[in-house]
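[1] Okay, sequence plus prediction incoming.
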Amino acid sequence: MRLSSFSRVVLAAVLAAAVAGCSSSGTSSGAASSGASSGTIKIGIDLPLSGADASIGIPTQNGALLAIEQANKSGFAGGAFKLEASVLDDAVQGKHDPAAGAQNVQTFISDPAVLAMVGPFNSNVAKSEIPLTNDAGLAQISPSNTNDGLTIGDAAKKLRTAHPDVNTYFRVCTRDSKQGSALAQIAYQRLGFKKVFVIDDNETYGKGLADVFDASFRGLGGTVLGHEHITSNQVDFKSLLTKVKSLNPDAVFFGGNTSTGGGLIRRQMGDVGMAQTPFLGGDGISDAEFEKQAGDAANGAYMTVASPDVTKIPAAKSFISAYQARFKSSVGPYSANAYTAAKIEIAAIEKALKDNGGKMPTRADVLKNIASTANFDSPIGKIGFDANGDTTSPVLTLLHVVNGKTQVVDVIQLKS
């Protein structure tokens, strides 16, 4: 029987404690102990790497791996230390899972060689992880989380109960309040849609994005004909879509991921005679799996990605070449974001090593350096973090599926 999310979190904590209790030295094999002048330093990578989320999770992982491999090849820390990726999958039965993410973070925390982590990909997974990394003082940088409540407002404060004045969470992408608002402007002002129907997957990311889009679209003068929440693991949406069709919307907006229904909803729109009705969403449906699940119905869909189109950035040319040579594939929507996240962590670790006289630094040393990041050169531009952990260079890329291919329509610079 599948454990509930709460049960798995508790079990993860018990297992992590058991692992720590069974270790006589408190360090993992090959890891440098505190104060050592050589050994292995690890960066944790937690992403969905199996099932429907894998088509976007694996290219994201590869970006982080490339940064680590390049650092070692360039003689990281003068060669005294070696960087190593500790990679864990937070997907369960083909879908990202908050409890799995929490368990993975516990694994990172129990290994003193892990000084920072990249991930997670999904906002609801981040909600389960931030209290843990905050408690342990482990810095994490997400390439793709967009939910506002992870960094600002009372929701963010509640995630940092162990150390309310310490922020361990950062992201190199923008927030849903900016993405949802931009999508509403695109729909109403750019595409000319006046009436829309909103559907979301009732998850942290999907509902948050849909709520912002809903309010923003109304604020612009548009009409929201209805707003429905689908249920977990739902696969048949024809009854809902028949209702939507009867209202004759100019477009359907979906807040969520391909793995939580985005691709199936788009495909089934064709089954009820809505193949020509435009479909809009955020970065959750920007993966190759969306086009696979939606089939021909993917045509006409619009979506935004919370990262720039790196093919249009001169500074990203070397990254793209290196990525394609290493992985024999094109970069994914968040490959450059993950590469940047890992590069920032690597730079923070190297500075901490230098400041510590070449000896193994603490997680607190690394966290301090990440928090002070400003104007960091990367394939996605100059990156810095504000006091909440949000990027100071928010950007969106608008995509459109035409003849079975996703095309870049525009890159939109947002106010920080």
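    Yep, that arrived. Numbers count the residues shown, from 1 in each chain.
[2] Could I get the buried residue list for stretch 361-380?
    If you call a residue buried by 16 or more other CB atoms under 10 Å, then stretch 361-380 has these buried ones: 361, 363, 365-371, 373, 376, 378-380. In this view, the C-beta of every residue, glycine as well, is placed from N, C-alpha and C.
[3] what's the burial count for the nearest residue to residue 177 once chain neighbours are set aside?
    Across the structure, with CB to CB, 6 or more residues apart in numbering as the measure, the residue nearest residue 177 apart from its sequence neighbours is residue 148 (5.0 Å). Residue 148: 22 surrounding residues under other CB atoms under 10 Å.
[4] show me what contacts residue 148?
    Residues in contact with residue 148, defined by CB atoms under 8 Å, 6 or more residues apart in numbering, are 155, 175-177, 208, 212.
[5] Closest to residue 189 out of the buried residues of stretch 361-380?
    If you rank the buried residues of stretch 361-380 by distance to residue 189 using CB to CB, residue 380 comes first, at 26.0 Å.
[6] okay but that closest one is in contact with residue 313, surely?
    Yes - in this structure, residue 380 is within contact of residue 313 by CB atoms under 8 Å, at 7.2 Å.
[7] quick revisit: reformat the contacts of residue 148 into a markdown table and put neighbour count next to each item.
    Putting those into a markdown table (neighbours: other CB atoms under 10 Å) gives the following:
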| residue | neighbour count |
| --- | --- |
| 155 | 15 |
| 175 | 27 |
| 176 | 29 |
| 177 | 19 |
| 208 | 26 |
| 212 | 24 |
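[8] taking these one by one, which sit in helices?
    Secondary structure of these is defined by DSSP state H; positions in helices are 155, 176-177, 208, 212.
[9] TSV for the residues you listed, including distance to residue 200?
    Shown next, in TSV, are these (distance: CB to CB, whole Å):
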residue	distance to residue 200
155	17
176	11
177	15
208	9
212	11
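[10] out of the residues you listed, which one sits closest to residue 109?
    Distance ranking of the ones in helices among the contacts of residue 148 against residue 109, using CB to CB, places residue 155 first at 22.7 Å.
[11] Verify the stated contact: the closest one with residue 149.
    Yes - distance between residue 155 and residue 149: 3.1 Å, which falls inside the contact criterion (CB under 8 Å).
[12] quick one: the strands in the stretch 51-200 of the chain?
    All strands of the stretch 51-200 of the chain, identified by DSSP state E, counting those that start in this stretch, fall at 81-89, 91-92, 95-96, 114-118, 139-142, 169-171, 195-200.
[13] ah, wrong one, I meant the stretch 201-350 of the chain
    In order along the chain, the stretch 201-350 of the chain carries the following strands (DSSP E, counting those that start in this stretch): 223-229, 251-255, 279-281, 301-305.
[14] right, so of the ones you listed, which gets closest to residue 121?
    strand 301-305 (12.7 Å).
[15] Would you indicate which residues of the closest one are buried?
    With the criterion 16+ other CB under 10 Å, strand 301-305 contains buried residues 301-305.
[16] How about stretch 267-287?
    When neighbours are counted by 16+ other CB under 10 Å, the buried residues of stretch 267-287 are found to be 267-270, 272, 274, 277-287.
[17] Look up the pLDDT of residue 11 for me, please.
    Looking at residue 11, its pLDDT reads 38.
[18] that older thread, distance to residue 204 and mean pLDDT added to the strands of the stretch 201-350 of the chain, as a markdown table?
    Shown next, in a markdown table, are the strands of the stretch 201-350 of the chain (distance: least, CB to CB, whole Å; pLDDT from 0 to 100):
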| stretch | distance to residue 204 | mean pLDDT |
| --- | --- | --- |
| strand 223-229 | 13 | 98 |
| strand 251-255 | 11 | 98 |
| strand 279-281 | 16 | 98 |
| strand 301-305 | 18 | 96 |
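[19] Dump those into CSV; add distance to residue 388 as well.
    Converted to CSV, the strands of the stretch 201-350 of the chain look like this (distance: least, CB to CB, whole Å):
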stretch, distance to residue 388
strand 223-229, 28
strand 251-255, 22
strand 279-281, 26
strand 301-305, 21
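[20] Which one of those lies nearest to residue 160?
    With distances scored as CB to CB, the stretch of the strands of the stretch 201-350 of the chain nearest to residue 160 is strand 251-255 (25.6 Å).
[21] Please compute how far the closest one lies from its chain's middle.
    Computed by CA atoms, centre = their mean, to the nearest Å, the chain-centroid distance of strand 251-255 equals 20 Å.
[22] Who are the packing partners of that strand?
    Applying 3 or more CB pairs under 8 Å, 6 or more residues apart in numbering; DSSP states H and E, one finds that strand 251-255 contacts strand 195-200, helix 204-219, helix 262-271, strand 279-281.
[23] partners of the last one in the sheet?
    The reference is to strand 279-281. Strands that pair with strand 279-281, judged by DSSP bridges, come out as strand 251-255 (parallel), strand 301-305 (parallel).
[24] ok, residues contacting that strand?
    So strand 279-281 is in contact with 183, 186-187, 196, 251-256, 262, 265-266, 269, 300-303, going by CB under 8 Å, 6+ apart.
[25] And the buried ones among those residues, selectable in ChimeraX?
    Paste this into ChimeraX to select the buried members of the contacts of strand 279-281, with burial taken from 16+ other CB under 10 Å:
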select :183,186,187,196,251,252,253,254,255,256,262,265,266,269,300,301,302,303
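[26] Listing request: residues of the protein with sub-threshold pLDDT.
    Within the chain, the ranges that satisfy pLDDT under 70 run 1-34.
[27] And this structure, what are its domain boundaries?
    The chain is divided into the following domains under automatic domain parsing: 31-174+314-385, 176-305+396-413.
[28] So which residues of the stretch 51-200 of the chain form helices?
    When secondary structure is read from DSSP state H, counting those that start in this stretch, the stretch 51-200 of the chain shows helices at 54-73, 98-110, 123-136, 153-159, 176-185.
[29] quick one, the longest one and strand 114-118 angle?
    If I follow you right, that is helix 54-73. With axes from the mean of the first three to the mean of the last three CA atoms, to 10 degrees as the criterion, the two stretches helix 54-73 and strand 114-118 enclose an angle of 140 degrees.
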